[in-house]
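*Asks:* Okay, predicted coordinates and the sequence, questions at the end:
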Amino acid sequence: MNLRSRNKVDPSFSMSSMTDLVFLLLIFFIIVSTLVSPYALPVDLPVSDNQTKEKQNVALRIDKDLVFSVNNKIINPSILETELENSLSSVTDPSIVFHVDQAVPTGETVKVLDIAKRHKWKIVLATKPK
């Protein structure tokens, strides 16, 4: 009597199904990565529900005509850093409340944020309530 099994297990591994899965995942991530864009959603700033309880040391304002003012005193943008240093020199925990118009170019806002970061000042972006 022949009692041997007729079904033999093949010890080899087929890579074709694994490569199919890898290519499908690759295609999926390529498609998803093209959909994610920082410019995809329109942004309408500055409107917010959040209200800050930050103590105001200095108020910095830039209006749509790029007129800079520190504590309601109009200044030249070239002396902005020195004016902020003078205003915050005697304060122990310096913070700036930054009022910026929506029409102001982002570059001007980034310049002010850079000044605050270099001096390690807190800066709060003021927004109007909804």
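*Replies:* That came through, no problem. Numbers count the residues shown, from 1 in each chain.

*Asks:* Flag the shaky bits of this structure, pLDDT-wise.
*Replies:* 1-5, 35-56, 128-130 (pLDDT under 70).

*Asks:* show me where it has strands.
*Replies:* Here the chain has its strands, by DSSP state E, at 58-62, 68-70, 73-75, 95-100, 122-125.

*Asks:* Now render those strands as a markdown table, adding distance to T19 and mean neighbour count.
*Replies:* Any C-beta I mention is one placed from the backbone N, CA and C, and that applies to glycine too. Below are the strands of the chain laid out as a markdown table (distance: least, CB to CB, whole Å; neighbours: other CB atoms under 10 Å):
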| stretch | distance to T19 | mean neighbour count |
| --- | --- | --- |
| strand 58-62 | 56 | 19 |
| strand 68-70 | 60 | 18 |
| strand 73-75 | 65 | 12 |
| strand 95-100 | 53 | 20 |
| strand 122-125 | 50 | 15 |
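
*Asks:* Only C-alpha atoms, please: export the longest helix belonging to the chain in PDB.
*Replies:* The longest helix of the chain (DSSP state H) is helix 16-35. Extracted in PDB, the C-alpha atoms of helix 16-35 (Å, rounded to 0.1, in the frame of the first residue of the first chain):
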ATOM      1  CA  SER A  16       4.800  38.700  -7.400                       C
ATOM      2  CA  SER A  17       2.000  39.300  -4.900                       C
ATOM      3  CA  MET A  18       4.300  41.200  -2.600                       C
ATOM      4  CA  THR A  19       5.600  43.500  -5.500                       C
ATOM      5  CA  ASP A  20       2.000  44.100  -6.500                       C
ATOM      6  CA  LEU A  21       1.200  45.400  -3.000                       C
ATOM      7  CA  VAL A  22       4.300  47.500  -2.900                       C
ATOM      8  CA  PHE A  23       3.400  49.100  -6.200                       C
ATOM      9  CA  LEU A  24      -0.100  49.700  -5.200                       C
ATOM     10  CA  LEU A  25       1.000  51.400  -2.000                       C
ATOM     11  CA  LEU A  26       3.500  53.500  -3.900                       C
ATOM     12  CA  ILE A  27       0.800  54.700  -6.300                       C
ATOM     13  CA  PHE A  28      -1.500  55.500  -3.400                       C
ATOM     14  CA  PHE A  29       1.100  57.600  -1.600                       C
ATOM     15  CA  ILE A  30       2.100  59.400  -4.800                       C
ATOM     16  CA  ILE A  31      -1.500  60.400  -5.500                       C
ATOM     17  CA  VAL A  32      -2.200  61.400  -1.900                       C
ATOM     18  CA  SER A  33       1.000  63.500  -1.700                       C
ATOM     19  CA  THR A  34      -0.100  65.500  -4.700                       C
ATOM     20  CA  LEU A  35      -3.400  66.300  -3.100                       C
END
